[in-house]
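*Asks:* sharing a model that was predicted from the sequence below.
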Amino acid sequence: MALALFLSAAVSLPLIWILLGIAQHGAAFFDARTTRHAVAHYRELDPLLRPFAHSAAIYPAMQIAPAGLDWLATRLATSRHHWLRRLWWVPQAVATAGFLWSGMHNLGLPTPSGTPAP
């Protein structure tokens, strides 16, 4: 029931919601990829991701937060409160920026040889 309600609401949302979701999930994948590369030389500080950091399981684990924020954006977009409907895009945009910042930070970490990671 809840899944059908979510899917029916997701289909009626604007194209921007879909594009923001794609950008957010892509940025999360980028962050997961760079994190997995960085943990070869560094320690993962996030206690929720630490168990997954050294395996390919980090990719689906990093998609949990974007999926939850997609749901939150859908709830905001279909809210009965006008001021919440105007902010539906904020969770996806902020998360995308955060994932991109984290990925860029990971790329900037020096390797033991002293050069930045590729």
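*Replies:* Happy to help now that I have it.

*Asks:* and after the strand or helix carrying residue 74, which helix or strand comes next?
*Replies:* Using DSSP states H and E, residue 74 falls within helix 64-77. The helix or strand immediately downstream of helix 64-77 is helix 82-85, counting by DSSP H and E.

*Asks:* residue 106 and residue 31: what is the separation?
*Replies:* For residue 106, the distance to residue 31 equals 7 Å [C-beta to C-beta, to the nearest Å]. Quick note: C-beta positions are derived from backbone N, CA and C, even for glycine.

*Asks:* do the same with residue 91
*Replies:* Separation of residue 91 from residue 31 (C-beta to C-beta) stands at 16 Å.

*Asks:* ok so, going back, in the helix holding residue 74, which residues are buried?
*Replies:* For helix 64-77, the neighbour count (16 or more other C-beta atoms under 10 Å) marks 65-66, 69-70, 73-74, 76-77 as buried.

*Asks:* now do stretch 17-33
*Replies:* For stretch 17-33, burial by neighbour count (16+ other C-beta under 10 Å) applies to 17, 20-21, 23-25, 27-33.

*Asks:* tell me which of those fall in helices.
*Replies:* Residues of those located in helices (DSSP state H): 17, 20-21, 23-25, 27-33.

*Asks:* before we move on, the earlier item: I'd like the buried residues of helix 64-77 laid out as a markdown table, including distance to residue 85 and pLDDT.
*Replies:* Converted to a markdown table, the buried residues of helix 64-77 look like this (distance: C-beta to C-beta, whole Å; pLDDT from 0 to 100):
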| residue | distance to residue 85 | pLDDT |
| --- | --- | --- |
| 65 | 23 | 93 |
| 66 | 21 | 95 |
| 69 | 16 | 94 |
| 70 | 16 | 93 |
| 73 | 11 | 92 |
| 74 | 11 | 90 |
| 76 | 7 | 91 |
| 77 | 6 | 89 |
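
*Asks:* so which of those comes closest to residue 42?
*Replies:* Nearest to residue 42, judged by C-beta to C-beta, of the buried residues of helix 64-77 is residue 65 at 21.0 Å.

*Asks:* got any ranges where the protein has weak pLDDT?
*Replies:* Residue ranges of the chain with pLDDT under 70: 1-13, 114-118.

*Asks:* 80 - rerun?
*Replies:* Judged by pLDDT under 80, the chain has its weakly predicted residues at 1-13, 111-118.
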